[in-house]
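Visitor: attaching a predicted model along with its sequence, questions to come.
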Amino acid sequence: MKKKIAVGVLGAFLLLSGCAPASSESDFYAMDTIMVVTAYDKNEDAAESARVEIEQHINALDQLMSRQRKESNLSQLNATSGAIMLVDHELYEAIETALYYAELTDGAYDPTTAPLSDLWGIGTESQHVPTQAEIDAVLPKVGWQNIKLLGQDKIQLLNGAQVDLGGIGKGWAANDTAAICKTAGDTLRVLAQLGGNIIGIGENPNNKDGEWVIGIANPDNSADYVATIAITNESVVTSGDYERYFEQDGKRYHHIFDPKTGYPADSGLRSVTVVDSDSARADALTTALFVMGLDKGMEFCEQHDIKAVFITDDKRIVPTDNVKDQYEFSGEQAGYSDGQ
């Protein structure tokens with residue numbers, strides 16, 4: 001039986017065997033979550049240098065893209081009240097990427113749900129179920145079509161739109177992490193746990209097979225896992241209704257909104273995990289697939305060759321065909337069934 005130990009609060013696991021090279025690890029808070037970066041290299045200084053560069057870059061991205069930071073370039077854009085603004089080139093590229101996935105998913109992923117997040121206040125002291133009138137009042141501000149890319153890094157927000165890159169930012173950071181590693185030498189290996197976004201770069205030096213074995217969290221107990229995914233040079237991204245939520249009158253209200261209704265998505269799912277070498281793509285698509293639900297989501301995955309694992313609210317775990325070689329079910333004792 002494979003031995004796994006937890007290395008993160010969101011269900012990442014390493015498969016241990018043999019002797020590891022030198023490593024450097026740090027945990028820090030960025031992009032509204034705890035992050036853990038571990039770098040391995042035969043040269044201890046090289047591991048330390050790469051880990052520091054990755055952490056510094058992620059913190060810089062947070063300063064650029066955070067909606068919660070008033071001084072960030074994104075917050076400045078959101079405060080323009082419809083005026084055209086020249087933004088940082090990387091922010092422009094990130095918003096351009098977000099709009100691509102919004103269009104691809106017909107708005108199931110949408111980077112303009114910030115007014116809904118503010119209205120519902122999920123995860124804050126002001127969380128509550130708003131009235132339908134309150135939801136109707138903010139819905140005109142929601143819609144990716146309200147973002148106008150004017151070229152040369154100029155953007156205009158219409159109809160009071162507010163951009164929130166929380167659904168793609170950690171994936172963007174993971175892609176930048178991979179890019180940093182490519183320039184750092186062939187012996188560098190990195191595991192980056194960026195909240196619900198985990199990326200394994202290079203071969204796992206602690207596993208004779210070279211794989212990073214990542215656990216998919218049990219929605220009922222996120223410290224446990226109900227399936228695993230084995231990866232090399234890929235990311236595993238999960239969105240679930242257990243991450244931020246509150247309950248009222250016996251109903252769970254979570255933070256993944258259906259942009260068309262203004263309510264938390266009621267799709268029959270507890271979580272969606274996407275496996276992809278492009279972490280920003282995986283980040284956006286986990287949200288979109290959660291909003292779509294199992295049947296429409298599986299159809300979308302087949303059309304676009306997406307590797308995904310769905311967990312339904314009736315405790316089925318359903319992987320797409322193209323991820324089954326990397327997937328291992330382990331949720332029987334927790335009451336889950338293998339839906340493959």
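Guide: Good, I have the coordinates. Residues are numbered from 1 along each chain as shown.
Visitor: can you pull out the low-pLDDT segments for the protein?
Guide: Residues of the chain meeting the criterion pLDDT under 70: 1-20.
Visitor: find the helix or strand that the residue nearest to residue 130 when sequence neighbours are not counted is a member of.
Guide: Nearest residue to residue 130 in three dimensions, chain neighbours excluded: residue 119, at 5.2 Å (Cβ to Cβ, 6 or more residues apart in numbering). C-beta coordinates here come from the backbone N, C-alpha and C atoms, glycine included. Following DSSP states H and E, the helix or strand that holds residue 119 is helix 114-120.
Visitor: helix or strand right after that helix?
Guide: helix 132-138.
Visitor: ok, the residue nearest to residue 130 - contacts?
Guide: Under the criterion of Cβ atoms under 8 Å, 6 or more residues apart in numbering, the contact partners of residue 119 comprise 130, 134, 135, 138.
Visitor: let me have the residues you listed in a markdown table, extended by distance to residue 161 and neighbour count.
Guide: Written out in a markdown table, the entries for these read as follows (distance: Cβ to Cβ, whole Å; neighbours: other Cβ atoms under 10 Å):
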| residue | distance to residue 161 | neighbour count |
| --- | --- | --- |
| 130 | 19 | 16 |
| 134 | 18 | 14 |
| 135 | 16 | 18 |
| 138 | 11 | 19 |
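Visitor: for residue 293, state which of those is nearest.
Guide: Closest to residue 293 out of the contacts of residue 119 is residue 135 (20.6 Å), distances taken as Cβ to Cβ.
Visitor: wait, what's in contact with that closest one?
Guide: Contacts here follow Cβ under 8 Å, 6+ apart; on that basis residue 135 touches 116, 119, 262, 263.
Visitor: out of the residues you listed, give me the two with the largest separation.
Guide: Top of the distance list for the contacts of residue 135 (Cβ to Cβ): 119 and 263, 10.7 Å.
Visitor: count of residues packed around residue 231?
Guide: As a burial measure, residue 231 scores 22 neighbours (other Cβ atoms under 10 Å).
Visitor: does it touch residue 202 like I think?
Guide: No. Here residue 231 does not reach residue 202: they are 11.1 Å apart, not a contact under Cβ atoms under 8 Å.
Visitor: middle-most residue in the protein, spatially?
Guide: In the chain, the C-alpha nearest the mean C-alpha coordinate belongs to residue 283, at 4.0 Å (Cα atoms, centre = their mean).
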